[in-house]
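Enquirer: how would this look folded up:
(2 chains)
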Amino acid sequence: MENNTGVQMKGADRQMELLRIQQIEKYYGSKSSLTKAIDDISFNVEKGEFVAIMGASGSGKTTLLNCISTIDRVTAGHIFLEDTDITALKGKALNRFRREKLGFIFQDFNLLDTLTAYENIALALSIQKRPAKEIDTAVKTVAEQLGITEVLQKYPYQMSGGQKQRVASARAIVTDPRLVLADEPTGALDSKAAKMLLERFRYLNQERGATIMMVTHDSFTASYAGRVIFIKDGKIFHELRRGDDSRKQFFDRIIDVVTLLGGDVSDAL
Amino acid sequence: MLCKLSVSNIRRSLRDYAIYFFTLLIGVSVFYVFNAIGGQATMMQLGESKNEIVGLISSALSYISVFVAGVLGLLIVYASRFLMKRRHREFALYMTLGMSKGGISAILLLETVIIGMLSLGAGLLLGIGLSQLMSALVAHLFEADMSAYRFMVSGEAAVKTVLFFAVMYLVVMVFNSIMISRFRLIDLMQSGQKAETIKLKNPVLCVIVFLVSAAVLGYTYYQVGWNYDGLNRTKFVLSFVAGTVTTFLIFWSVAGMLLRVVMSAKNTYFRSLNAFTFRQISSKINTAVCSMSIICLMLFITICTLTSAFSIRNSMNANLRALCPADFEIEWAVYDDPENDRIVFEDVAEKYADAGMDIREHFRDSVHFHSYIDPALTLGTFLGSQLESIRSDYQFLNYDAHEEIVRLSDYNRLMQLYGREQLALNDDEFLVAANFSSMIEIRNRILAEKPAVEVFGHTLHARLDKCTDGFISLSSNRVNTGILIVPDDVPDESGAGADYFIGTYAADTKEACAQTEQTVKEQFDRMSRSLADDAARSVMTTSKIEIYENSIGIAALVTFLGLYIGLIFLLACGAVLALKELSESVDSIPRYVMLRKLGAEEQDITKSLLIQTGVFFLLPLLLAGIHSVVGMKFAAYVLSVFGTENIGASILSTSLILLAIYGGYFLITFLSSKRITHAAQNIRTQ
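Expert: Now for the predicted structure:
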């Protein structure tokens, strides 16, 4: 919580910096019809931060997340996680990076439907070839933290959306990744389940010290973060820090910016 | 518009289901190749007796073709139904856009027509190409001269192929239309969305079912493989039914137990992608139990058919060398009157002399002797104390048939001609020469007691406690049921029976032998015509060349039938498994994308795919292999008349064919799955 504040940021040690995004660009299409999905974006993320990236559909926020998560390539610029330039990773190094440094949470959960919740969470660890005993302890710990101990033996089709997303979150967090990336995590959830999930995110962020970066178009969801970066037409439009505000106050400030952003995002609210 | 849709649909599915079109293509070409054999053989100027055999083979192959068409038809219907199921959402889209069911039918009809024409055309071309290769095999089997052969296309076979496949495609079209008429939009739209429930079977039940099935199967194995003496038609059918049912139940229970077993080994289960791999397998295996059972049985039939076919062919060649050591034989028997089957002696050489010819004229070496019959000595009296127990086991033997008796010196002169080992007897001994295995078994039962037998008033003792391998008449198979060899002074000339003349031609080359045979047969005919009386003669001439040609025919027949059925069955098995596996891979694409996002290593993913594909191809093969061991044991018993010395080589040939086709399908499936799960990802890998 403390290092989420603006004051602390300014005095932050270089050591605390986790993610450094340097002038990245992402173009789609050919020379004749070029779409700039990301147009010169730079920002840093500190260790232990909970950042939300907001923007309307087509603003480039998901592209940004895909580039950071190594699912997509940047056209220009560099992304550093700790000291690794992830835009230069290839093949095995890329796979190792994904399974050791990153955790993913998707809008549609992306759980393997043939596996139980327990096995889904364990998969992230078994891919890292961790011993079975260690896997068991880790899965049970994270399940407790996310309140899904009762559903561990269930299959995805037997769970509610909120439970599925918490299982997906458990899978993302169980490996203790440097960075957890969430793409519209509340997109497919009802408001009650969304609130519960976000409470858990905050818990993971504060108690486990997880660094979370979340893409959303929902102001309520964004209000759980410590910092919100607004993106419009592939550029950073604005940035808000929560400081000592309550979540409600922060939510109001976010709404103000969204209104400022104009009608093109209001439909996304 | 519809046409454009159809073409683009085909193009898209061609990419994923190339293996189906490939199978159709091979199916068409195999069908053509085997139906064209008759025409090809005709071109080789094989000679009359061989042409007769070719005619027989052609008609046998055309009967089998109907069966093969049935198998291929089922495969096509299965595949098209399967492919259609995967397109439910596409059809739903057409229907929501307002297309009528007729329109969808039209699209499918067009697709079937296009695919049918493509596969037929390409298959025929391939078949015509392959049949030129096949003609080399035909020539080899018939030892024909290939020089007269030129490139040929069998119009008849081509028309037949087109006709059969046209009917099959027509059936598919009708089938598709029926399926479409039953569609309901809501079902189509929800297809694939319905939560897939994963049910784990009751493990205790699975174990019980498995144990019971294994026990029943074991008992069936024992009945067929070891206890075949007691086997009758009902028991055989029962065994087959039991084998089929237990095969199904074993797959059913293994499907239920496999995952549990792997899961219980926690350290293995939670290593790398193992949990994912075995969950994948178990989710598929439950729906695949039925098709795996059928594939297992088809593989079993294929293995047995191919091995038996090769085995018969191989043993025939070996038999010919062993059982035809001379060129020509006359067996001359005369009955005292037509009603009575008592043989009276007549010297065939005298008959030649009467006709002004020398029976030995064209022979380098020959033996002329006759056998004897003791009216008091029948099979029944020979079997003596064992008769009753044998009679209860074998009710249909003629126990009143007289035993054929040969003097030792006559037999040994024949053995000298044959280049076989000569026998020795003491004055009060006899031997039984036989080579028909089930009669050997029967005779050995009494010979084991070293019995004394009354022959023409002499009491003779068995020299050995079993039959001696031997025969008199030239033959392609081991059919000598038993001849008593006795000391020279035992037979009474009043008992003289059949007269034998056996010899080798005074000719060295193949052509000269054929020439000599012609002359010898003409002489025989001249002698036969010169016979004035109308005595009830039973005359048989046998020649090595005739036996050889007949054997070639049988060898060719079984080879072609075995290959035909074997190839089609393997093709069908491979295609069904490949289709199932590939569509599963397509369905699982999101899962693999997920695994890559989680950072799974490529080699681990490849390994997982290999295990998944391997299990589905190996499980049916494994059980089929175990079935086949017993099946072949039984087949060896049934085929013992042909001799089964070369069964190892036959198993090798079968394994090679199996490896090439089934293994080929496995490899293609694995590689395609790898491509599908790899290429469809929208995720950076480098």
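Enquirer: so where does the residue in the stretch 51-200 of chain A positioned nearest to chain B fall, helix or strand?
Expert: Closest approach between the stretch 51-200 of chain A and chain B, counting by CB to the nearest CB: residue A:99, at 2.6 Å. Where C-beta positions appear, they are placed from N, C-alpha and C, glycine not excepted. Residue A:99 belongs to helix A:91-101 when assigned by DSSP states H and E.
Enquirer: Identify all contacting residues around that helix.
Expert: With contact meaning CB atoms under 8 Å, 6 or more residues apart in numbering or on different chains, helix A:91-101 is reached by A:69-70, A:81, A:84, A:86, A:89, A:124, A:127-128, A:175, A:177-179, B:596-602, B:684-686.
Enquirer: Buried ones from the residues you listed, can you make that a PyMOL selection?
Expert: Of the contacts of helix A:91-101, the buried ones can be selected in PyMOL as follows, counting by 16 or more other CB atoms under 10 Å in any protein chain shown:
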select buried, (chain A and resi 69+70+81+86+89+124+127+128+175+177+178+179) or (chain B and resi 596+597+598+599+600+601+684)
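Enquirer: I'd like the next helix or strand past the helix ranked longest in chain A.
Expert: When chain A is parsed with DSSP state H, its longest helix is helix A:191-207. Moving toward the C-terminus from helix A:191-207, the next helix or strand (DSSP H and E) is strand A:212-216.
Enquirer: Return the list of helices and strands in contact with that following strand.
Expert: Packing partners of strand A:212-216 (3 or more CB pairs under 8 Å, 6 or more residues apart in numbering or on different chains; DSSP states H and E): strand A:50-54, helix A:61-68, strand A:179-183, helix A:191-207, helix A:219-222.
Enquirer: For those, state which one has the densest average packing.
Expert: strand A:50-54 (a mean of 26; mean count of other CB atoms under 10 Å in any protein chain shown).
Enquirer: starting at the chain centroid, how far to it?
Expert: On the basis of CA atoms, centre = their mean, to the nearest Å, strand A:50-54 sits 8 Å off its chain's mean C-alpha point.
Enquirer: Would you mind checking the average pLDDT for that strand?
Expert: Strand A:50-54 shows a mean pLDDT of 92.
Enquirer: now stretch B:178-188
Expert: What stretch B:178-188 shows for mean pLDDT is 79.
Enquirer: Please list the outside residues in contact with that stretch.
Expert: Counting contacts by CB under 8 Å, 6+ apart, the residues outside stretch B:178-188 that touch it are B:81, B:84, B:88, B:89, B:91, B:92, B:95, B:96, B:101, B:104, B:105, B:108.
Enquirer: Over to stretch A:198-213?
Expert: Contact partners of stretch A:198-213, identified using CB under 8 Å, 6+ apart, comprise A:1, A:18-19, A:45-51, A:53, A:65, A:68, A:103, A:145-147, A:166, A:169, A:173, A:176-182, A:185-186, A:214, A:221, A:224-226.
Enquirer: if you average pLDDT over it, what comes out?
Expert: Averaging pLDDT along stretch A:198-213 yields 87.
Enquirer: Can you read off the backbone torsions of residue B:427?
Expert: phi -60, psi -30 (degrees, to the nearest 10).
Enquirer: what does residue A:106 give?
Expert: Main-chain torsions, residue A:106, degrees, to the nearest 10: phi -110, psi 160.
Enquirer: which ones are touching residue A:187?
Expert: Contacts of residue A:187 by CB under 8 Å, 6+ apart are A:107, A:216, A:218.
Enquirer: From the chain's centroid, how far away is stretch B:387-404?
Expert: 32 Å.
Enquirer: Go ahead and name everything in contact with that stretch.
Expert: In this structure, residues lying in contact with stretch B:387-404 by CB under 8 Å, 6+ apart are B:229, B:371-375, B:377-380, B:382-383, B:442, B:445-446, B:482-484, B:497-498.
Enquirer: And residue B:538, how far from residue A:241?
Expert: Using CB to CB, to the nearest Å, residue B:538 is found at 116 Å from residue A:241.
Enquirer: With residue A:188 instead?
Expert: 28 Å.
Enquirer: Residue B:632 too?
Expert: In terms of CB to CB, residue B:632 sits 80 Å off from residue A:241.
Enquirer: Next: residue B:662.
Expert: From residue B:662 to residue A:241 the distance is 65 Å (CB to CB).
Enquirer: how far off strand A:179-183 does the helix holding residue A:99 point, in degrees?
Expert: Using axes from the mean of the first three to the mean of the last three CA atoms, to 10 degrees, the inter-axis angle of helix A:91-101 relative to strand A:179-183 is 90 degrees.
Enquirer: Buried ones in helix A:91-101, by neighbour count?
Expert: Within helix A:91-101, the residues that count as buried by 16+ other CB under 10 Å are A:94, A:95, A:97, A:98, A:99, A:101.
Enquirer: near chain B, which residues of chain A?
Expert: Proximity of chain A to chain B, by CB under 8 Å from any CB of the partner chain, involves residues A:69-73, A:90-92, A:94-100, A:102, A:104, A:110, A:112-115, A:119, A:122-127, A:129, A:131-132, A:135-136, A:155, A:157, A:171.
Enquirer: residue ranges of the helices in the stretch 1-150 of chain A, please?
Expert: Taking DSSP state H, counting those that start in this stretch, the helices of the stretch 1-150 of chain A run over residues A:6-10, A:61-68, A:91-101, A:117-126, A:132-145.
Enquirer: Go through these and find the least confident stretch.
Expert: Among the helices of the stretch 1-150 of chain A, helix A:6-10 carries the lowest mean pLDDT, at a mean of 41.
Enquirer: Looking at residue B:662 and residue A:241, which one has more neighbours?
Expert: residue B:662 (23 against 17; other CB atoms under 10 Å in any protein chain shown).
Enquirer: which SSE is that one in?
Expert: For residue B:662, the host element (DSSP H and E) is helix B:647-679.
Enquirer: Point out the other helices and strands that that helix packs with.
Expert: Using 3+ CB pairs under 8 Å, 6+ apart, helix B:647-679 sits against helix B:18-35, helix B:274-323, helix B:544-587, helix B:589-597, helix B:602-638.
Enquirer: now the ones you listed as TSV including mean pLDDT and distance to residue B:478?
Expert: Converted to TSV, the helices and strands packed on helix B:647-679 look like this (pLDDT from 0 to 100; distance: least, CB to CB, whole Å):
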stretch	mean pLDDT	distance to residue B:478
helix B:18-35	86	30
helix B:274-323	85	7
helix B:544-587	85	13
helix B:589-597	85	59
helix B:602-638	88	13
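Enquirer: Out of these, flag the one nearest chain A.
Expert: Closest approach to chain A among the helices and strands packed on helix B:647-679 (CB to the nearest CB): helix B:274-323, 4.1 Å.
Enquirer: quick check: angle from the closest one to helix B:544-587?
Expert: If you take the same axes, to 10 degrees, helix B:274-323 sits at 170 degrees to helix B:544-587.
Enquirer: Please see if helix B:274-323 touches chain A.
Expert: Yes - under the criterion of CB under 8 Å from any CB, chain A is reached by helix B:274-323 at B:274, B:275, B:276, B:279, B:280, B:282, B:283.
Enquirer: Correct me if wrong: the second one contacts residue A:122.
Expert: Yes - if you go by CB atoms under 8 Å, residue B:275 and residue A:122 touch, sitting 6.7 Å apart.
Enquirer: higher neighbour count, those two?
Expert: Taking neighbours as other CB under 10 Å, residue B:275 and residue A:122 compare with residue B:275 leading, 27 against 24.
Enquirer: okay, the closest residue to residue B:328 other than its chain neighbours: pLDDT?
Expert: The shortest distance from residue B:328 to any non-neighbouring residue, by CB to CB, 6 or more residues apart in numbering or on different chains, is to residue B:543 (5.0 Å). As predicted, residue B:543 sits at a pLDDT of 90.
Enquirer: Alright, that wraps it up for me.
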